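Q: show me how the following folds:
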Amino acid sequence: MKIGILQTGHAPDELRPVVGDFAQLFERLLDGNGFDFATYSVVDMQFPASITDCDGWLITGSKHGAYEDHPFIPPLESLIREIYAAGIPLVGICFGHQIIAQALGGKVEKFAGGWAVGRTDYTLNGEKVTLNAWHQDQVTTRPDCATVIGENDFCANAALVYDNRIFTIQPHPEFDRAVIDGLVTYRGPGNVPDPQLAQVRENLEKPVDSQRIAAQIVQFFKTRKVA
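A: Model (predicted):
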C-alpha cells in the first residue's frame, strides 16, 4: 500500500539533521506495516498529479495556521475535498487535522485558552490516551460530516472521523522525546509561556502512547476503521 505524505511544514532547521523532517517522522512511526511512502512538500507547492497516485494520504503538522493566507492552502483544501469525495483514506495530524476540518466546512481558530504542549491526556473512544501535543490553534467548530471520537477539557474536537473515509487527531503521535525537546528549545521561547515549557521538560522522560495511535492509523489505512 502506497501512502502519500502531504508535508505542510518543516521541522526547525536546527532539529532537522537530528530527527529528520516531518515526513520522515511519519515514515518511522508507520514503519514495518507493508507501506511504501511518497512525500509531496505541498508547503513548497509540490502537489501530486492525481489523488490516485497513492492508495492513502496523510497530512502532517505545520507551524502555519490553516486560516492564514499561504499559497499552498487553497489547492490543499481542494485536494482534501477531492480525496474525500473519492473515498480514498485520509489521515490528518495537528495542522492536518485542522485543515481537513476547515476544508470540509469546520472552523479553525487560535484558541483563546492558550497552548497545549508536551505530554497531554485525552479520552479517545472512551479510553485514556497520552500523547505529545504542540498547538495553540484548534478546531472550534467541526464539520457536519465529522464525528468526535477524542477530546479533553482543553480541546473539545481532539480527534474526528468522517464516515470511514477520514481519521484526524490534534496531538502528535509522531513526536518523540527528541522532537519535543527540540521544539521547546527552538520554537517554544517567545511563543509558549515559560512555565509551560518548564513543565514539558519535566515530563520528557515519561511514556506516551504513540505506538497505540500508530496502530490505529495503520488499521484505518488498511480497513478504514478506528477501534
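
Q: how about the secondary structure of the nearest residue to Arg212 once chain neighbours are set aside?
A: Computed as C-beta to C-beta, 6 or more residues apart in numbering, the closest residue to Arg212 that is not its neighbour in sequence is Val129, at 6.4 Å. From N, CA and C alone the C-beta is placed, and that goes for glycine too. Under the three-state scheme (DSSP: H, G, I helix; E, B strand; the rest coil), Val129 adopts strand.

Q: ok, Val129 - how many residues close by?
A: Val129 sits with 23 neighbouring residues when counted by other C-beta atoms under 10 Å.

Q: how close does it get to Ala11?
A: 24 Å (C-beta to C-beta, to the nearest Å).

Q: for the residue nearest the centre of the chain, give me phi and psi.
A: By C-alpha atoms, centre = their mean, the chain has its centre lying nearest to Ile93, at 1.2 Å. Backbone dihedrals for Ile93, given as degrees, to the nearest 10, come out at phi -120, psi 130.

Q: need the pLDDT of it.
A: Note for Ile93: predicted pLDDT of 98.

Q: got it, and Ala227?
A: In this prediction, Ala227 has a pLDDT value of 65.

Q: dihedrals phi and psi, the nearest residue to Gly113 once chain neighbours are set aside?
A: Of all residues not flanking Gly113 in the chain, Phe154 sits nearest, at 6.2 Å (C-beta to C-beta, 6+ apart). Dihedral pair for Phe154: phi -90, psi -30, per degrees, to the nearest 10.

Q: before we move on, back to that, once you drop chain neighbours, what's closest to the residue nearest to the centre of the chain?
A: Gly61 (5.6 Å).

Q: residue contacts, the one you found?
A: Thr8, Gly9, Phe22, Ile93, Cys94, Phe95, Gly96, Trp134, His172 (C-beta atoms under 8 Å, 6 or more residues apart in numbering).

Q: how about it, secondary structure?
A: Quick answer, by three-state DSSP: Gly61 is coil.

Q: can you check the one 5 residues further on too?
A: On the three-state scheme (three-state DSSP), Ala66 is labelled coil.

Q: below-threshold pLDDT in this structure: ranges please.
A: 227 (pLDDT under 70).

Q: partners of the residue nearest to the centre of the chain in the sheet?
A: The bridge-partner assignment for Ile93, based on DSSP bridges, gives Ile169.

Q: residues contacting it?
A: Ile93 touches Phe26, Leu58, Ile59, Thr60, Gly61, Thr168, Ile169, His172, Pro173, Glu174, counting by C-beta under 8 Å, 6+ apart.
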